[in-house]
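Asks: Let's see this in three dimensions:
(one chain, ligands or ions: 2)
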Amino acid sequence: MQKPLIRVSAGIIRNEFKQIYLTQRLEGQDFAQSLEFPGGKVGEHELPEEALKRELEEEVGIHVLSAYPYEHFSFEYPNKIIEFYFYLVEEWVGEPFGREGQEGFWVTQSELDAGQFPPANGMLIQRLRSEC
Ligand SMILES: Nc1nc2c([nH]c(=O)n2[C@@H]2O[C@H](COP(=O)(O)OP(=O)(O)OP(=O)(O)O)[C@@H](O)[C@H]2O)c(=O)[nH]1
Ligand SMILES: [Mg+2]
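Replies: Numbering: from 1, shown residues only. Ligands and ions are numbered 1, 2, ... in the order given. Alright, predicted model coming up:
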């Protein structure tokens with residue numbers, strides 16, 4: 001059977017201290033307890049940027065003012081292929097928090113640790129660490 005292809009938008013929410021807001025995936029989700037960039041699935045009739053804005057409102061309670069495409073790539077998991085749209089978000093309204101009960105914290109960009117994220121994030125973490 002062919003693997004389903006899903007599109008996912010996620011935000012690299014970065015403040016003026018070069019810290020990035022991360023959340024921890026909840027029990028019952030895939031990669032539970034992994035860190036993630038907040039975000040989620042792009043709806044069928046949605047643009048990736050619209051999905052990003054909706055997901056960041058839903059998951060971390062911020063209103064995104066501007067978002068810049070940072071990485072776009074596909075990653076094959078054993079059970080699905082994900083097409084990722086990662087955006088850099090440096091302008092928003094509100095203070096991010098784990099609106100769905102998940103933990104959230106600010107991590108200095110140079111201290112991101114790929115081992116704490118799902119496998120798809122490896123290359124992205126490498127790029128972020130190299131750009132500090
Ligand atoms: N948000 C997010 N998802 C990621 C990252 N890395 C990564 O492999 N994923 C995977 O991409 C998919 C994102 O879906 P999600 O579970 O966040 O979707 P969602 O918010 O729409 O949730 P729902 O399906 O429970 O409503 C998951 O399979 C997740 O494991 C990441 O950095 N951020
Ligand atoms: Mg999500």
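Asks: In contact with Phe73, which residues are there?
Replies: Neighbouring residues of Phe73 by CB atoms under 8 Å, 6 or more residues apart in numbering: Glu83, Phe84, Met123. For glycine as for every other residue, the C-beta is placed from the backbone atoms N, C-alpha and C.
Asks: quick one: contacts for the last one?
Replies: When you say that, I think you mean Met123. Applying CB under 8 Å, 6+ apart to Met123 gives the contacts Glu71, Phe73.
Asks: Let me know the secondary structure of it.
Replies: For Met123, the secondary-structure state derived from DSSP: H, G, I helix; E, B strand; the rest coil is helix.
Asks: For Glu44, see how far away it is.
Replies: Here Met123 is placed at a distance of 27 Å from Glu44 (CB to CB, to the nearest Å).
Asks: cool, and the second one?
Replies: Here the criterion is CB to CB. By it, Phe84 lies 17 Å from Glu44.
Asks: what about the two, which has more around it?
Replies: Just comparing Phe84 and Glu44: by other CB atoms under 10 Å the higher neighbour count belongs to Phe84, 21 against 6.
Asks: secondary structure class for the more buried one?
Replies: Under three-state DSSP, Phe84 falls in the strand class.
Asks: ok, it touching Val8?
Replies: Yes: with contact defined as CB atoms under 8 Å, Phe84 and Val8 form a contacting pair (5.3 Å).
Asks: For the residue nearest to the spatial centre of the chain, which non-adjacent residue is closest in space?
Replies: Among the residues of the chain, the one closest to the centroid is Phe37, at 2.5 Å (CA atoms, centre = their mean). Counting by CB to CB, 6 or more residues apart in numbering, Phe37 lies nearest to Ala10, which is 4.0 Å off, once chain neighbours are set aside.
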